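J.: give me a model of this one.
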Amino acid sequence: MSTILGLDVHATNYAETVARSLEWAARQESRSVIFANVHVVMEAFDDPTFRSSLNNADLVNPDGVPLVWALRAMGKRHATRVCGPDAMLHLLEAAEKNTVPVGFYGGSSIGLKRLIMRLRERYPRLQIAFEMSPPFRELSVEEDDQVVRDIA
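T.: Have a look, this model is predicted:
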């Protein structure tokens, strides 16, 4: 891990990100994985609270070539870009192969239905254990607690 403008960024790749995620899933551990690009780094630089939140993540992937360049300049020659959408496809493929259930939270109900439909076509044995399109407003404490229970 190296620090770029105050943000701790890991020199990772897709295989490492997938392997760590599968290990955490096997142990039923709740973890946070971030895909940080230059915009995220700059927002973290400007906002100490946001930066602290990101620095407490379990894995911060370099989702931008400038971050890869910075990591390599700091001696992390093996650093590669780990793009969030591409990583999702790698993770879903591994989840299907290893029978790890997945869940989806967010977006519009139409968008979520389309995503689930396409995923079922592409990954027919994928176990989709949870899907929810929340309302476009802040959830009440009770609603938030219920969502956490449903995900668990």
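J.: contacts and neighbour counts: CA atoms only from here.
T.: Noted.
J.: pLDDT value on the residue positioned nearest the centre of the chain, please?
T.: Ranked by distance to the mean C-alpha position of the chain (Cα atoms, centre = their mean), the top residue is V33 at 4.3 Å. Here the pLDDT value assigned to V33 is 96.
J.: which strand or helix spans I34?
T.: Using DSSP states H and E, I34 falls within strand 33-36.
J.: alpha carbons of whichever helix or strand comes after that strand, as CSV, please.
T.: As assigned by DSSP H and E, the chain's next helix or strand after strand 33-36 is helix 38-46. The C-alpha coordinates for helix 38-46 follow below in CSV (Å, rounded to 0.1, in the frame of the first residue of the first chain):
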residue,chain,number,x,y,z
VAL,A,38,-8.3,10.6,-9.6
HIS,A,39,-11.6,12.3,-8.8
VAL,A,40,-11.9,10.2,-5.7
VAL,A,41,-8.3,11.0,-4.6
MET,A,42,-9.0,14.7,-5.1
GLU,A,43,-12.3,14.6,-3.1
ALA,A,44,-10.4,12.7,-0.4
PHE,A,45,-7.7,15.3,-0.4
ASP,A,46,-10.2,18.1,0.0
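J.: which helices and strands does helix 38-46 pack with?
T.: strand 7-9, helix 48-55 (3 or more Cα pairs under 8 Å, 6 or more residues apart in numbering; DSSP states H and E).
J.: if anything else comes up later, I'll come back, but that's it for now.
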